[in-house]
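1. Predicted model, plus sequence, below.
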Amino acid sequence: MLSILARPSKKLSLAVGTTAAAAIAAGYFYQASAINSSYIHNDSGTKAAAAATFTGDNQWHDLSIAAIEQLSHDTRRFTFKLPSDDHTTGLMTASALLAKYVTPKGSNVIRPYTPVTDNMQKGSFDLVIKHYEGGKFTTHLFGLKENDTVSFKGPIQKWRWQPNSFDSVVLLGAGTGITPLFQLMHHIAENKADHTKVHLFYGNKTPQDILLKKELDDLASRFPDQIHVTYFVDKPNWSFRGEKGFITKEFLQKHIPKPDEKTQLFVCGPPPFMSAYSGPKVSPTDQGDLTGMLAELGYAKEQVYKF
């Protein structure tokens with residue numbers, strides 16, 4: 001399915017396609033947040049009057065689906081209504097939500113998802129979700145219609161971003177792994193006080209499989225000196241602008257900041273992707289050793305964060 005691995009075996013390619021959804025869920029954990037229920041912090045760190053829906057209190061909130069948009073043959077954008085038009089999610093960068101449904105047998109199915117709307121947006125938030133064959137949660141979700149509800153709680157704190165901590169960041173993403181990377185990228189670009197340069201390398205099987213392409217292209221167009229996006233696909237069409245095939249170690253060596261520069265790398269994708277570039281996470285609280293291409297290129301463990 002993915003197109004940014006060093007050329008994998010046929011067996012590895014199959015594994016990428018069938019495990020992508022589980023991979024994105026694997027690294028998440030719930031952590032209570034100190035967000036006040038009446039106020040949230042905006043991108044500049046000051047307080048803005050707004051009601052945060054998710055406050056880290058471990059409470060599930062049933063939210064209704066306001067709209068469903070078909071983005072591709074297997075991907076939809078779900079818009080969820082917050083409790084009121086004055087509510088925000090309460091998420092910070094980088095963080096996510098847990099979503100839950102209960103099976104007919106009474107079992108809980110829980111998955112993490114990162115909204116693709118601005119953390120400060122009021123009234124609703126969007127999830128862009130790809131349906132994977134055999135995926136329990138995506139199968140359930142794709143069977144819902146407008147006004148049906150889904151239970152959420154959070155936020156799940158991942159990386160606490162501080163503006164201008166680095167000269168640049170490198171984002172390596174595959175498939176649905178783009179969502180936490182997009183949250184970080186969007187947060188940096190929309191903060192006028194943050195001058196961090198962003199290099200995104202993102203691959204899929206075909207141009208039609210590229211998630212959030214409209215939003216990614218918009219950021220790159222509006223912030224050309226700060227945001228740089230490169231797409232990789234296995235099967236390009238005549239109109240595709242990007243790279244064909246996989247991101248190689250040689251490509252990275254040529255196009256990303258050197259290990260001795262003030263840069264941070266963020267990686268998100270299914271297990272074969274993580275193994276090829278950074279090595280897997282051991283647990284939600286243990287990033288594990290840095291292996292794969294990034295280690296071979298000389299980056300230190302502290303320079304690479306695995307979502």
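-> That came in fine, so what should we check first? Numbering: from 1, shown residues only.
2. shaky segments in the stretch 1-150 of the chain?
-> For the stretch 1-150 of the chain, residues meeting the criterion pLDDT under 70 lie at 1-49.
3. And for the stretch 201-307 of the chain?
-> By pLDDT under 70, the stretch 201-307 of the chain contains no weakly predicted segment.
4. so where do the helices sit in the stretch 1-150 of the chain?
-> For the stretch 1-150 of the chain, applying DSSP state H, counting those that start in this stretch gives helices covering 10-26, 136-142.
5. Tell me the helices and strands packed up against the strand ranked longest in the chain.
-> Among all segments of the chain classified by DSSP state E, the strand with the greatest residue count is strand 61-72. Judged by 3 or more CB pairs under 8 Å, 6 or more residues apart in numbering; DSSP states H and E, strand 61-72 is in contact with strand 75-81, strand 149-157. For the C-beta atoms, the positions are set from N, CA and C on the backbone; glycine is no exception.
6. most neighbours per residue, which of the ones you listed?
-> Across the helices and strands packed on strand 61-72, the average number of neighbours (mean count of other CB atoms under 10 Å) peaks for strand 149-157, which reaches a mean of 21.
7. In terms of secondary structure, what does that one contact?
-> By 3+ CB pairs under 8 Å, 6+ apart, strand 149-157 packs against strand 61-72, strand 95-102.
8. what comes into contact with the last one?
-> Translated: strand 95-102. Residues outside strand 95-102 that contact it (CB atoms under 8 Å, 6 or more residues apart in numbering): 28, 30, 33, 54, 60, 89, 91, 108-115, 137, 140-141, 150-158, 180.
9. try the longest one
-> Contacts of strand 61-72 with the rest of the structure, by CB under 8 Å, 6+ apart, involve 53-54, 76-83, 124, 128, 144-153, 208-209, 211.
10. change it to 7 Å
-> 53, 76-82, 124, 128, 144, 146-153, 208-209 (CB atoms under 7 Å, 6 or more residues apart in numbering).
11. Please point out which parts of stretch 161-180 sit buried.
-> Residues of stretch 161-180 classed as buried: 161, 163, 166, 168-180 (neighbour count, 16 or more other CB atoms under 10 Å).
12. is Leu97 in a bridge, and if so with what?
-> Tyr113 (DSSP bridges).
13. what angle do the longest strand of the chain and strand 149-157 make?
-> 90 degrees (axes from the mean of the first three to the mean of the last three CA atoms, to 10 degrees).
14. Adjacent strands (with direction) for strand 61-72?
-> strand 75-81 (antiparallel), strand 149-157 (antiparallel).
15. Save the helices and strands packed on strand 61-72 as CSV, and put in distance to Pro284 too.
-> CSV is the format used below for those (distance: least, CB to CB, whole Å):
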stretch, distance to Pro284
strand 75-81, 24
strand 149-157, 9
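16. Which of these sits closest to Asp194?
-> Closest to Asp194 of those is strand 149-157 (CB to CB; 19.2 Å).
17. Need the CA coordinates for the closest one. CSV is fine.
-> Extracted in CSV, the C-alpha atoms of strand 149-157 (Å, rounded to 0.1, in the frame of the first residue of the first chain):
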residue,chain,number,x,y,z
THR,A,149,-23.0,9.2,17.8
VAL,A,150,-19.5,8.1,18.7
SER,A,151,-17.9,8.2,22.2
PHE,A,152,-14.7,10.1,22.7
LYS,A,153,-12.4,11.0,25.5
GLY,A,154,-9.0,12.7,25.9
PRO,A,155,-6.8,14.5,25.2
ILE,A,156,-3.9,12.0,24.7
GLN,A,157,-0.8,14.0,25.2
